[in-house]
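Peer 1: Give me a model of this one.
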Amino acid sequence: MGGDLIVIGRVTRPHGVKGATRIEYFNEEDPQFFSRYKIIYLRGEEGDPQPYRPIKARPHKKFILAKLEGVRTREEAERLRGSWVLVDAADLPPLGKDEYYWYEILGMQVFTEKGRYLGELREIFPTGSNDVYVVRKGEKEFLIPAIKDVVVDIDKKARKMIIHPLEGLLEEDDL
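Peer 2: Numbers count the residues shown, from 1 in each chain. Sure thing, here's the model as predicted:
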C-alpha cells in the first residue's frame, strides 16, 4: 500500500454461486478501467481494509462483476455485501487538465475573486450536466455550480478555491 486509499465503489451483492461479486463502480465514464486494478481493498462497517486481487472483472449494466482471489462461494461473497471498495490513490485513472477527484477538493476553503470567504466545500452532488459544490460557513450554505464560468482557480497545495459568482448566485450581503 503506497498511499491514501480512495473509495471507488461498493459491493452490492453476490453474483452467481461461485463467489463473484457485483460492485457499484463510481467511475461511470470508464467502467473498463476497473480491470486494470491489480489490488483492491474491501472495508466493511468495522475493521481495516483487506486486500483482494481481482481475477476477473467485467462491466455489466451499471455494475462491475468481479471474481476475487480467495472468494470461492456465494456465502463468502455474501459476507462482502456492503463493503466499500478502495484502491491506492496512485492507481486511479489519470485525469485531464482542470479535472479533479472529489477527495482532492473536498474540504477546500472557498473564496470569491474579491477575497470574500464563503466557507468550506463540504459536499459534491453530481447533477448530470455538472457537479454542484455545497459550501458551508456556520448556518449559511451556498450551492456553487462546478462550471468554468464560476470556478476560476483551484489550488490543491493551498487547499483553496476561487469562484466568480455569476449574477444571482449569491445574495448581495454574501459578496
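Peer 1: so where is the protein shaky, pLDDT-wise?
Peer 2: 1-3, 172-175 (pLDDT under 70).
Peer 1: residues in contact with stretch 127-144?
Peer 2: The set of residues external to stretch 127-144 that reach it, using Cβ atoms under 8 Å, 6 or more residues apart in numbering, is 105, 110, 117-125, 145-147, 150-151, 161, 163, 169-170, 174. Backbone N, C-alpha and C define where each C-beta goes, glycine included.
Peer 1: List the buried residues of that stretch.
Peer 2: Neighbour-count burial for stretch 127-144 flags 131, 133, 134, 135, 142, 144 (criterion: 16 or more other Cβ atoms under 10 Å).
Peer 1: From start to finish, how long is it in a straight line?
Peer 2: 12 Å (Cα to Cα, to the nearest Å).
Peer 1: Relative to residue 73, how far out is the spatially most central residue of the chain?
Peer 2: For the chain, the residue nearest the mean C-alpha position is residue 102 (5.3 Å; Cα atoms, centre = their mean). Applying Cβ to Cβ, to the nearest Å, the value for residue 102 to residue 73 is 35 Å.
Peer 1: quick one: stretch 140-152 to chain centroid distance?
Peer 2: 18 Å (Cα atoms, centre = their mean, to the nearest Å).
Peer 1: can you give me the helices for the chain?
Peer 2: With helices called from DSSP state H, the chain shows them at 74-78, 102-105.
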